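Student: What would the 3D arrangement of this be:
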Amino acid sequence: MLNSLTQFALPVLTLGGQFAIAIKFPKYGLLLALASQPFWLYSSWKAYREAGQIGIFINTVFFCLITLFGVVNYWVF
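Tutor: Residues are numbered from 1 along each chain as shown. Down below sits the predicted model:
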C-alpha cells in the first residue's frame, strides 16, 4: 500500500513543484517539493537497503534539507 502511494505521490508532487516554480510561483513550488520529500526518503531508503544505492539516499537527504531551507527562506523571512 505505501509503495503504491509513493509511486503516485513522487511524480505528482515533484513535477507539480517544478511546474509551480517554472510558472513563477516558487513559494508554492517549494511547498510541493517539500511535501514530496518523505516519499523520496522512503523510496531512496528502500533502494539503499535492497540494492546498496547509498548515493541516492545521501542526495535525497541533502535535497530535503535544501528544500526545507528554501521553504523557510520564502515563508518565514
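Student: To what extent is Leu41 buried, counted in neighbours?
Tutor: 16 (other Cβ atoms under 10 Å). Any C-beta I mention is one placed from the backbone N, CA and C, and that applies to glycine too.
Student: ditto for Leu31
Tutor: The tally of other residues near Leu31 (other Cβ under 10 Å) stands at 20.
Student: Ok, Pro38 next?
Tutor: For Pro38, using other Cβ under 10 Å, the count is 13.
Student: Look up which helix or strand it falls in, please.
Tutor: Counting by DSSP states H and E, the element that carries Pro38 is helix 26-51.
Student: need the contact list for Thr67.
Tutor: Thr67 makes contact with Leu30, Ala33, Leu34, Gln37, according to Cβ atoms under 8 Å, 6 or more residues apart in numbering.
Student: Check which helices and strands the helix holding Pro38 sits against.
Tutor: Counting contacts by 3 or more Cβ pairs under 8 Å, 6 or more residues apart in numbering; DSSP states H and E, helix 26-51 packs against helix 2-22, helix 54-75.
Student: Rebuild those as a markdown table, extending it with mean pLDDT and distance to Lys46.
Tutor: Output for the helices and strands packed on helix 26-51, formatted as a markdown table (pLDDT from 0 to 100; distance: least, Cβ to Cβ, whole Å):
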| stretch | mean pLDDT | distance to Lys46 |
| --- | --- | --- |
| helix 2-22 | 96 | 8 |
| helix 54-75 | 96 | 9 |
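Student: Of all these, which one is nearest Tyr48?
Tutor: Closest to Tyr48 of the helices and strands packed on helix 26-51, according to Cβ to Cβ: helix 54-75, at 4.3 Å.
Student: now the helices and strands packed on helix 26-51 in JSON lines, with distance to Leu41?
Tutor: Shown next, in JSON lines, are the helices and strands packed on helix 26-51 (distance: least, Cβ to Cβ, whole Å):
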{"stretch": "helix 2-22", "distance to Leu41": "10"}
{"stretch": "helix 54-75", "distance to Leu41": "6"}
